[in-house]
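1. Pasted the sequence and its predicted model underneath.
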Amino acid sequence: MKNLSTLTDQDLVRSYMNGDSNAMNVLVERYKDKIFTSIYLLVKDKYLAEDIFQDVFIRIIDTLRGGRYTDEGKFLPWAMRIAHNMCVDHFRKVKRSPSIKTSDDHDIFEVLNFSEPGADQKIMANQSHDKIRKMVDLLPEDQREVIILRNYADLSFKEIAELTNCSINTALGRMRYGLINLRKMMTEKQIAL
């Protein structure tokens with residue numbers, strides 16, 4: 001008997017259809033990385049990609065057992081097409097699932113906070129905010145002003161430019177240099193947030 005790993009895809013498919021389950025194991029091993037990676041790049045979630053990957057091979061096995069596979073010598077493109085279609089089906093299903101909206105048209109799951117931070121997390125967050133505020137106070141006035149207006153007042157760069165009598169590019173530059181200076185301070189003082 002020939003070593004299965006040296007057989008072509010067509011021969012492995014035929015062997016599997018004739019009852020040799022090891023032939024499918026060889027096909028899975030041969031293409032699992034390519035198929036999984038393509039699924040993962042589409043769905044961007046490792047666990048979801050694993051689920052879809054398994055479903056792809058279940059569909060392949062069902063198609064082979066049902067005798068609906070046409071042997072064109074293109075197993076990998078066929079398997080990849082199944083994987084792609086299953087990813088598209090997943091996104092269609094997600095899109096169709098009803099979402100609950102609040103009165104101001106936000107998804108309820110974006111608004112609800114299911115896990116209240118503990119006291120230790122609140123203390124650490126406050127300490128981090130205090131460190132940042134102290135470092136922001138050390139910045140040159142024009143940089144400090146833009147960072148405060150952008151992050152604390154939540155103004156757009158256009159609004160900041162109008163408020164500070166400068167161009168949008170100047171406001172953007174001040175923000176950039178302010179952030180660079182903050183990073184330098186954090187590195188020099190070895191501050192971890």
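-> Thanks, I have the structure now.

2. if I read this right, K34 contacts M80, doesn't it?
-> Yes - judged on CB atoms under 8 Å, K34 makes contact with M80 at a distance of 7.4 Å. Placement of C-beta: from N, CA and C, glycine included.

3. who's more crowded, these two?
-> More crowded of K34 and M80, by other CB atoms under 10 Å: M80, with 17 against 13.

4. Per-residue pLDDT of the residue most central in space within the chain, please?
-> By CA atoms, centre = their mean, the chain has its centre lying nearest to K44, at 4.2 Å. We note a pLDDT of 84 for K44 in this prediction.

5. Pull up the overlap in contacts between K34 and M80.
-> Contact with both K34 and M80 is made by no residue, according to CB atoms under 8 Å, 6 or more residues apart in numbering.

6. what's the spacing between the residue nearest to the centre of the chain and W78?
-> Distance, K44 to W78, using CB to CB, to the nearest Å: 24 Å.

7. what does Y16 give?
-> 14 Å.

8. same check, this time on T164
-> Distance of T164 to W78, given as CB to CB: 61 Å.

9. Neighbour count: those two, which is higher?
-> Between T164 and W78, counted using other CB under 10 Å, the more crowded position is W78 (18 against 15).

10. quick one: the strands in the chain?
-> Taking DSSP state E, the chain contains no strands at all.

11. isn't R150 right next to M175, touching?
-> Yes - applying CB under 8 Å, one finds R150 in contact with M175, separated by 6.1 Å.

12. Spit out the residues that contact the two alike.
-> F157.

13. List the buried residues for stretch 10-26?
-> 12-13, 15-16, 23-24, 26 (16 or more other CB atoms under 10 Å).

14. Out of those, which is nearest to S156?
-> M24 (57.0 Å; CB to CB).

15. Return the residues in contact with the nearest residue to that closest one once chain neighbours are set aside.
-> Nearest-residue entry for M24: Y16, 4.8 Å, with adjacent residues in sequence omitted and distances by CB to CB, 6 or more residues apart in numbering. Contacts for Y16 (CB under 8 Å, 6+ apart) come out as 23-24, 27, 64.

16. Could I get those residues in a markdown table, plus columns for distance to R144 and pLDDT?
-> Formatted as a markdown table, these follow (distance: CB to CB, whole Å; pLDDT from 0 to 100):
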| residue | distance to R144 | pLDDT |
| --- | --- | --- |
| A23 | 68 | 92 |
| M24 | 64 | 92 |
| L27 | 62 | 91 |
| L64 | 67 | 91 |
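
17. Okay, and which of those residues map to helices?
-> Under the assignment DSSP state H, the contacts of Y16 contribute 23-24, 27, 64 to helices.

18. what about the residue nearest to M24, distance to F91?
-> 30 Å.

19. thinking again about what came up before, among the buried residues of stretch 10-26, list the two that are farthest apart in space.
-> Across the buried residues of stretch 10-26, the longest distance by CB to CB is 10.5 Å; it joins V13 and V26.

20. L27: neighbouring residues, count only.
-> Other residues near L27 come to 23 when the count uses other CB under 10 Å.
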